[in-house]
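S.K.: next input, structure requested:
(4 chains)
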2 protein chains.
Amino acid sequence: MAQRQGLDAENVLQAAVEMADTQGVEGLTLAALAAKLNVKTPSLYNHIKGLPDLRTQLSRRGLMLIKAAMVDAVIGKAKDDALLAVGFAYVDFARKHPGLYEAISILPDYEDPELKEAGNDVVFFLLRILEPYGLSEEDALHVVRGFRSMVHGFASLEHRNGFRMGLERDESLRRLLQTYLRGLRTTESAT
Amino acid sequence: MAQRQGLDAENVLQAAVEMADTQGVEGLTLAALAAKLNVKTPSLYNHIKGLPDLRTQLSRRGLMLIKAAMVDAVIGKAKDDALLAVGFAYVDFARKHPGLYEAISILPDYEDPELKEAGNDVVFFLLRILEPYGLSEEDALHVVRGFRSMVHGFASLEHRNGFRMGLERDESLRRLLQTYLRGLRTTESAT
DNA sequence: TTTACAAAACTAATGATATTAGTTATTATG
DNA sequence: CATAATAACTAATATCATTAGTTTTGTAAA
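M.R.: You can find the predicted model right below:
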């Protein structure tokens, strides 16, 4: 016994991601993770600080990946096309990585500086997409909040089986975003 | 010892609501709840089936109360005014009862029939508010999904401290809903 | 090649939690 | 007043996370 399994921090995080995506964040326990890695639970502490730390790492990784997906989606697109693509990329990420998405949205540690920065990154990214609209800074920030609310709300409800009617879900998202964007065109900023 | 505390199911649920609203759903443990009620942990099992059951009850109670708040908010209002009021009632409920709101949105038991019904109730309520718009049934259902996504997303992000810019949050919500509603006015259903 | 050190795994122990079984005490009812 | 229902209790078990201290293993230096 005591065969080395060649674990390292990245290894463990990878396994945690898989486990979260299949079992949900609730189901990600150190006991189960250790079993998956053919190791006793305390051995994990050579690679992570503990469960809260692991969850924070999960959030960071998730935020990094979802931002990458949004950046990728927007290549070669501008204005409404770009925003629509970003919205779908966001929701698709949540579909493909439910565990990571939970980790993002549950946000174990509000004060983690890396998480704060990654969050701000996303906001700045959205602001840049909004540049061509020529909004004031304040207006743009409100729009960013609105956009985040829409896509997060949609992804979150969908994840929880909140949409039970037999109705195309992609179509619902498309209409939501397009209706909002249409409203934006006919806007005089505040009412 | 063994003084009766006069507990019953409603009592225990009330205490659980308070604890969830102050400590968060995570912080609601049977051990802490029992301590708050001056009772040993196993005594709680005379009034609840267990922790999962308690959480389900919390969800049911939350859904009931948030629907009541929305119904109340809409009295004497119609169309855009009504929808705006409902949106604000929803978000305000989440602000006043963060624990109950968490319980609603985490949805411990997808399959609980009472929860299903309460969820459908909310959808039907929204559909009735949409009646004056004269939408087709399909269009209306998409709008309901959109509306729920917006208000849930907003409430959820706000709850998680997702809005860190120093910007009026009520104003962000107002603009989000109004922009969407404006888009709805200029719509030809599908694109 | 051998030795020595760092790191990875282990065992053992502790403390929190939920849950179940079985017991005692209290209250209400016949 | 007696009895039955029930609310509370104690004791026990199982699952977690976590810490301390030990053993093993791999690697790098002598």
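S.K.: when you work out contacts or count neighbours from here on, use the C-alpha atoms and nothing else.
M.R.: Noted.
S.K.: below-threshold pLDDT in chain A: ranges please.
M.R.: Along chain A, the parts satisfying pLDDT under 70 run over A:1-2, A:107-108, A:187-191.
S.K.: what are the structural domain limits within it?
M.R.: The record's domain split for chain A, according to automatic domain parsing, is A:1-48, A:55-185.
S.K.: any residue of the longest one touching DNA strand D?
M.R.: It refers to domain A:55-185. No: Domain A:55-185 stays clear of DNA strand D (C-alpha under 7 Å from any atom of the strand), getting no nearer than 10.0 Å.
S.K.: so how far is the first residue of that domain from its last?
M.R.: 41 Å (C-alpha to C-alpha, to the nearest Å).
S.K.: out of the domains of chain A, which is the most enclosed?
M.R.: Ranked by average neighbour count under the criterion mean count of other C-alpha atoms under 10 Å in any protein chain shown, the domains of chain A are headed by domain A:55-185 at a mean of 19.
S.K.: thinking again about what came up before, in JSON lines: the domains of chain A, plus distance to chain B.
M.R.: Conversion of the domains of chain A to JSON lines gives the following (distance: least, C-alpha to the nearest C-alpha, whole Å):
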{"stretch": "domain A:1-48", "distance to chain B": "11"}
{"stretch": "domain A:55-185", "distance to chain B": "4"}
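S.K.: how about these in a markdown table, adding distance to residue B:117?
M.R.: Supplementary listing: the domains of chain A in a markdown table, determined by distance: least, C-alpha to C-alpha, whole Å:
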| stretch | distance to residue B:117 |
| --- | --- |
| domain A:1-48 | 25 |
| domain A:55-185 | 11 |
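S.K.: tell me which of those domains sits nearest to residue B:47.
M.R.: domain A:1-48 (25.6 Å; C-alpha to C-alpha).
S.K.: how far off centre is that closest one?
M.R.: On the basis of C-alpha atoms, centre = their mean, to the nearest Å, the separation between the geometric centre of domain A:1-48 and that of its chain is 22 Å.
S.K.: what of stretch A:91-103?
M.R.: Distance of stretch A:91-103 from the chain centroid (C-alpha atoms, centre = their mean) equals 6 Å.
S.K.: what sits closest to residue A:155 if chain neighbours are left out?
M.R.: residue A:91 (5.3 Å; C-alpha to C-alpha, 6 or more residues apart in numbering or on different chains).
S.K.: which residues touch that neighbour?
M.R.: Residues near residue A:91 by C-alpha atoms under 8 Å, 6 or more residues apart in numbering or on different chains: A:151-152, A:154-155.
S.K.: want to throw those into TSV with secondary structure and distance to residue B:66?
M.R.: What follows is these, written out as TSV (DSSP: H, G, I helix; E, B strand; the rest coil; distance: C-alpha to C-alpha, whole Å):
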residue	secondary structure	distance to residue B:66
A:151	helix	22
A:152	helix	20
A:154	helix	19
A:155	helix	21
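S.K.: and of these, the nearest to DNA strand D?
M.R.: Using C-alpha to the nearest atom of the strand, residue A:155 is the member of the contacts of residue A:91 that sits closest to DNA strand D, with 26.3 Å.
S.K.: touching, that closest one and residue A:96? I think so.
M.R.: No: in terms of C-alpha atoms under 8 Å, residue A:155 does not count as a neighbour of residue A:96; the distance is 11.1 Å.
S.K.: ok, and the closest non-adjacent residue to residue A:171?
M.R.: Distances taken as C-alpha to C-alpha, 6+ apart place residue B:142 nearest to residue A:171, at 8.0 Å, with adjacent residues excluded.
S.K.: what's the answer for residue A:176, then?
M.R.: Nearest residue to residue A:176 in three dimensions, chain neighbours excluded: residue B:146, at 5.2 Å (C-alpha to C-alpha, 6+ apart).
S.K.: element containing the one you found, please.
M.R.: helix B:137-159 (DSSP states H and E).
S.K.: what packs against that helix?
M.R.: Contacts of helix B:137-159 with other secondary structure elements, assessed using 3 or more C-alpha pairs under 8 Å, 6 or more residues apart in numbering or on different chains; DSSP states H and E, are made with helix A:137-159, helix A:169-185, helix B:79-96, helix B:113-130, helix B:169-185.
S.K.: relative to DNA strand C, which of those helices is closest?
M.R.: Of all the helices and strands packed on helix B:137-159, helix B:113-130 sits nearest to DNA strand C, with 19.3 Å by C-alpha to the nearest atom of the strand.
S.K.: for residue A:89, which non-adjacent residue is closest in space?
M.R.: Here the residue nearest residue A:89, using C-alpha to C-alpha, 6+ apart, is residue A:70, at 5.6 Å.
S.K.: what's near enough to touch the nearest residue to residue A:151 once chain neighbours are set aside?
M.R.: Among residues not flanking residue A:151 along the chain, residue A:87 sits closest, at 6.0 Å (C-alpha to C-alpha, 6+ apart). Under the criterion of C-alpha under 8 Å, 6+ apart, the contact list for residue A:87 reads A:70, A:151, A:177.
S.K.: shouldn't the residue nearest to residue A:171 be in contact with residue A:177?
M.R.: No: in this structure residue B:142 lies outside contact range of residue A:177 using C-alpha under 8 Å: 11.4 Å.
S.K.: separation between the closest residue in space to residue A:83 that isn't next to it in sequence and DNA strand D?
M.R.: Spatial nearest neighbour of residue A:83, chain neighbours left out: residue A:129 (7.4 Å); criterion: C-alpha to C-alpha, 6+ apart. Taken as C-alpha to the nearest atom of the strand, to the nearest Å, the spacing of residue A:129 relative to DNA strand D amounts to 40 Å.
S.K.: contact partners for residue A:30?
M.R.: Contacts for residue A:30 were tallied using C-alpha under 8 Å, 6+ apart; they are A:41, A:44, A:51.
S.K.: wait, residue A:71
M.R.: Residues near residue A:71 by C-alpha under 8 Å, 6+ apart: residue A:86.
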